[in-house]
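Q: Next input, structure requested:
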Amino acid sequence: MVDFYADWCGPCRMMEPIVEELSKSLNGKAVIAKVDVDKAQNTATSFGITSIPTIILFKNGVEVKRVQGVRDQKTLESMILAEV
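A: Numbers count the residues shown, from 1 in each chain. Here you go, the predicted model:
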């Protein structure tokens with residue numbers, strides 16, 4: 001799972017503790033990564049990120065799900081576990 005965010009983004013800051021807790025609870029079951037769109041503009045552009053926060057779920061290197069906006073931990077965890 002990759003969380004595309006920016007430090008100045010209010011909704012992204014709301015997602016930060018959720019993503020951190022998700023990383024702890026899924027330790028070993030999934031890889032959780034964060035990409036700062038301001039520091040990695042080319043990466044964000046290559047994935048077509050137009051709104052943040054955007055979370056993309058990959059399976060075997062292929063995008064399988066994309067959600068934008070704030071989501072709760074349970075929703076994200078269910079989304080990830082459905083793919084592992």
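Q: got the contact list for the nearest residue to Ala30 once chain neighbours are set aside?
A: Ranked by C-beta to C-beta, 6 or more residues apart in numbering and with sequence neighbours excluded, the top spatial neighbour of Ala30 is Ile80, at 5.1 Å. Yep, even glycine has a C-beta here, placed from its N, CA and C like the rest. With contact taken as C-beta atoms under 8 Å, 6 or more residues apart in numbering, Ile80 is in contact with 1, 22, 26, 29-30, 57.
Q: Am I right that Leu76 is in contact with Ile55?
A: Yes: using C-beta atoms under 8 Å, Leu76 is in contact with Ile55, at 6.9 Å.
Q: any residues in contact with both of the two?
A: Counting by C-beta under 8 Å, 6+ apart, the contacts common to Leu76 and Ile55 are Met1.
Q: Look at the residue nearest to Ala30 and tell me its secondary structure.
A: Secondary structure of Ile80, reduced to three states by DSSP: H, G, I helix; E, B strand; the rest coil: helix.
Q: can you check the one 3 residues further on too?
A: At Glu83 the chain is in coil, as set by three-state DSSP.
Q: Surely it touches Ile56?
A: No: taking contacts as C-beta under 8 Å, Glu83 lies outside contact range of Ile56: 11.7 Å.
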